[in-house]
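[1] the amino acid sequence is not available; the structure is as follows:
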RNA sequence: GGGCCUAUGGGCUAGCUUGGUAUACUUGUGGCUUUGGGAGCCAUUGACCCCGGUUCAAAUCCGGGUAGGCCCA
């Protein structure tokens, strides 16, 4: 197993393979196979996302994968942003198609012509939908499992509103949902309004959701966009308001991808393997029976009983009753990052306890059988809290204020003054090689001067090298 | 966008310079044995990325393709 701090790239690929997350031997660049354990993780995340969107009155939908070229090309900025990286379907059987079809890189242009049919009156608004699907982008850069792929598993929510302010409220609700998801996965993040030259093609503004990886680079996990009427105008999505006037809807989208899996590997993993946050761990608990020849039956029966108690209590538990040495099982489940390991052996049964091992801290101890369920719940909650706190602390340490162009640290997220003009922004990026991630979505206390032109400013910018 | 490197059983790898029978470890399978941190023994399955060229002969040399990795913009 390679070392996380010294060689992040190699360590990352090592974990993906050894923890059984994905098989990158599929013979198309950037298209990997989700293997069972990796897909379990993705499913846990997806099902939590469904829970969140369902609870906030979004309806799940599922749109076709293919989009007619004419429909795709309606919004000028959007097509300009994507046309170099879309896949085309040009043939069906032996015939060339009259109209080429785009394999969706994202679903705006699939959905919006339908939204135009669905929405007629203000009574139809807000329209709040989401879908969890795969999208395709022909990445030319180096691909990497979960982080840069050509077939991307993601969720996208699309909403339509009567006016700017109502859409703005949706952005704020999205941010609240994000906070809950991040806590569940124990991932720190920043909310930065992207620069004009980096916003989503067609968006009025884009809020990037970034986290930082151990090599000092940031990873964009998702984004939230306010479209204003930029799409509703070309796609003619209008409604009749109370006064009988016809108006364009204001739209938002929100998306996060399988990069969440990449982020949790990078943020939480260590040199023993993955560490899964209890909130989305496919198995929160692994139960390992320890027996000798003479007590095998008794131990197995007690462990089986414990498994069913834990399952009834709602824990996701794996009872590892394979015919293998306990040590071998320990190594395997540590690699897979199961947050809590329980060992049940003759000594434990005698003492009416079960032994535990915490994956995050390495701490060992026992839980009294009489206190089993609440004891485990407390441990899992504490593991989650510790993981989140530790990750946030690390992210904080990776952020650094700078006020001059001298001695810029290469492996930090930089915070500095920026007047906000394009010229200074581009100059900063060109000089340093850093990418400006944007300015804080929530106002930050700041007083300084633009690092390029020296003008006073009360808004900082953040910049980093990106994955 | 530009450059460099690599491709051998499921995984990792030796052999390639100097062309001729492909190496070790691991995994898998069957058996015996064992189980509080990767056990041991015996038997056994399994590979030279694809297309073309040079040659009596290609894993090895040459060209192209595909896939993967790294570095720089």
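    Good, I have the coordinates. These figures come from a predicted structure and were not determined experimentally.
[2] contacts and neighbour counts: CA atoms only from here.
    Fine.
[3] pick out the residue of the stretch 351-467 of chain A closest to RNA strand B.
    Evaluated by C-alpha to the nearest atom of the strand, the stretch 351-467 of chain A has residue A:355 as its residue closest to RNA strand B, separated by 5.0 Å.
[4] the closest residue to that residue other than its chain neighbours: how many residues sit nearby?
    Spatial nearest neighbour of residue A:355, chain neighbours left out: residue A:366 (4.2 Å); criterion: C-alpha to C-alpha, 6 or more residues apart in numbering. A count of nearby residues for residue A:366, using other C-alpha atoms under 10 Å, gives 17.
[5] same question for residue A:314.
    10.
[6] swap in residue A:112?
    By other C-alpha under 10 Å, the residues close to residue A:112 number 20.
[7] now the one 4 residues further on
    As a burial measure, residue A:116 scores 17 neighbours (other C-alpha under 10 Å).
[8] list phi and psi for the closest residue to it other than its chain neighbours.
    Of all residues not flanking residue A:116 in the chain, residue A:237 sits nearest, at 4.3 Å (C-alpha to C-alpha, 6+ apart). Main-chain torsions, residue A:237, degrees, to the nearest 10: phi -90, psi 100.
[9] identify the residues contacting residue A:237.
    By C-alpha atoms under 8 Å, 6 or more residues apart in numbering, the contact list for residue A:237 reads A:112-113, A:115-117, A:119, A:248-249.
[10] ok, those vs RNA strand B, which is closest?
    Distances from RNA strand B to these, taken by C-alpha to the nearest atom of the strand, are shortest for residue A:112, at 29.2 Å.
[11] can you pull the residues of chain A lying near RNA strand B?
    Applying C-alpha under 7 Å from any atom of the strand, we find that chain A lies next to RNA strand B at A:9-10, A:24-25, A:27-31, A:140-144, A:290-293, A:323-328, A:330-332, A:334, A:343-349, A:354-355, A:357, A:362, A:433.
[12] circling back to that earlier point, quick check: pLDDT value at the residue nearest to residue A:116.
    We have a pLDDT of 98 for residue A:237.
[13] follow-up on the earlier one: could I get the contacts of residue A:237 as TSV with pLDDT and secondary structure?
    Formatted as TSV, the contacts of residue A:237 follow (pLDDT from 0 to 100; DSSP: H, G, I helix; E, B strand; the rest coil):
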residue	pLDDT	secondary structure
A:112	97	helix
A:113	96	helix
A:115	98	helix
A:116	97	helix
A:117	97	helix
A:119	98	coil
A:248	98	strand
A:249	98	coil
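[14] what subset of those is buried?
    Buried members of these, scored by 16 or more other C-alpha atoms under 10 Å, are A:112-113, A:115-116, A:119, A:248-249.
[15] distance check, the most far-flung residue of chain A relative to its centre against residue A:353.
    Relative to the centre of chain A, and counting by C-alpha atoms, centre = their mean, the farthest-placed residue is residue A:294 at 48.6 Å. Distance, residue A:294 to residue A:353, using C-alpha to C-alpha, to the nearest Å: 20 Å.
[16] domains for chain A, by residue range?
    A:8-268, A:285-382, A:399-464 (automatic domain parsing).
[17] winner for burial among these?
    Of all those, domain A:8-268 has the most neighbours on average by mean count of other C-alpha atoms under 10 Å, namely a mean of 18.
[18] what is the end-to-end distance of that one?
    Where domain A:8-268 begins and where it ends lie 13 Å apart, using C-alpha to C-alpha.
[19] which of the three states applies to the residue farthest from the centre of chain A?
    Assigned with DSSP: H, G, I helix; E, B strand; the rest coil, residue A:294 falls in the helix class.
[20] list the contacts for it?
    Listed by C-alpha under 8 Å, 6+ apart, residue A:294 has no contact partners.
[21] next secondary structure element downstream of the helix or strand harbouring residue A:14?
    Following DSSP states H and E, one finds residue A:14 within helix A:8-18. Next helix or strand after helix A:8-18 toward the C-terminus (DSSP H and E): strand A:22-28.
[22] and the domains of chain A: which comes nearest residue A:275?
    domain A:285-382 (3.9 Å; C-alpha to C-alpha).
[23] for the closest one, measure first residue to last.
    Using C-alpha to C-alpha, one end of domain A:285-382 lies 14 Å from the other.
[24] and it, how far out from the chain middle?
    Distance of domain A:285-382 from its chain centroid, counting by C-alpha atoms, centre = their mean, to the nearest Å, is 30 Å.
[25] what is the mean pLDDT for that domain?
    For domain A:285-382, the mean confidence score works out to 96.
[26] swap in stretch A:459-467?
    The average pLDDT within stretch A:459-467 is 94.
[27] residue A:161 versus the residue nearest to residue A:116, what's the distance?
    To residue A:161, residue A:237 is 11 Å away according to C-alpha to C-alpha.
[28] any common contacting residues for these two?
    With contacts defined as C-alpha under 8 Å, 6+ apart, the residues shared by residue A:237 and residue A:161 are residue A:249.
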